[in-house]
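>>> Build me a structure from this.
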Amino acid sequence: MIVKTLGRVDYVATLEAMRAFTETRGPDTPDEIWLCEFDPVYTQGLAGQAAHLLNPGQIPVVQTNRGGQVTYHGPGQVVAYPLINLQRQGYFVREYVFRLEAAVIQTLEGFGITGHRVSGAPGIYVRLDDPGAHAALTGPAHPDDPFRGLGKVAALGIKVSRQCTYHGVALNVAMDLQPFTGINPCGYAGLRTVDLATLGVFTDWPTVAQRFGERLAAQLVR
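Prediction:
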């Protein structure tokens, strides 16, 4: 597994680069993880509905071929793109997503934050009233507000082509969260988005990128 810290890069150029990498890779091409940071951009998934794009303002909107709905990328967010041959690693898409989420949860744990999965809503969430609490979420969720008391700290959106993955997962570190109010994040109206700074963790992009890359590499290699 090769982990590349690309730092601040252009979103569209990076999208084209990982698409080209995936389309031209051979059976022996080593897997890679790219760690990126982008200027402000909204990205739409294949299932993206225009109704979830409320007020983009001057921020560009890029249509992509990943799954999911609209999300936002911006400075202060670690975006990880695992380029993995699932067939060679020996697991299917569902387990791949589980491993991505596990890497986020383990990274958060290193900062004293407990991440949670929410059934039917990919990504990682935290309790806003006690981000470090270890108690599991209990259901059923409130029918009119399934995310009551929760904030989303990491979003997932992947693409699988010829059993090889690209796109990935975005973890919010310390960023301007206002642009998330211009969309229904991941298609959920009223879903609050948070970052580590909101949760009382004051760190920086390089530190989180390094730890996140290490956890992803550990999770994605059998």
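>>> and Arg215, how many neighbours?
When neighbours are defined as other CB atoms under 10 Å, Arg215 has 22 of them. C-betas here are computed from N, CA, C, even on glycine.
>>> do the same with Leu46
With other CB under 10 Å as criterion, Leu46 counts 13.
>>> There's contact between Val9 and Leu35 in this structure, I believe.
No. If you go by CB atoms under 8 Å, Val9 and Leu35 don't touch, sitting 10.0 Å apart.
>>> For Gly45, give me phi and psi.
Main-chain torsions, Gly45, degrees, to the nearest 10: phi -90, psi 180.
>>> How about the contacts made by the residue nearest to it when sequence neighbours are not counted?
Nearest residue to Gly45, sequence neighbours excluded (CB to CB, 6 or more residues apart in numbering): Gly68, at 3.8 Å. Each residue near Gly68 by CB atoms under 8 Å, 6 or more residues apart in numbering is listed here: 45-48, 122, 155-157, 186-187.
>>> Just name the closest of the residues you listed to Asn172, please.
Taking CB to CB as the measure, Asn172 lies nearest Ala155 of these, at 8.5 Å.
>>> Which helix or strand lies directly C-terminal to the helix or strand where that closest one lies?
Ala155 is located in strand 150-161, with elements delineated by DSSP states H and E. Using DSSP H and E, the helix or strand that follows strand 150-161 in sequence is strand 164-172.
>>> What helices and strands are in contact with that next one?
helix 11-24, strand 77-83, helix 93-109, strand 150-161 (3 or more CB pairs under 8 Å, 6 or more residues apart in numbering; DSSP states H and E).
>>> which of those sits most buried?
Of the helices and strands packed on strand 164-172, the one with the most neighbours on average (mean count of other CB atoms under 10 Å) is strand 77-83, at a mean of 24.
>>> mind listing what that strand pairs with, with the direction of each?
strand 32-37 (antiparallel), strand 164-172 (antiparallel) (DSSP bridges).
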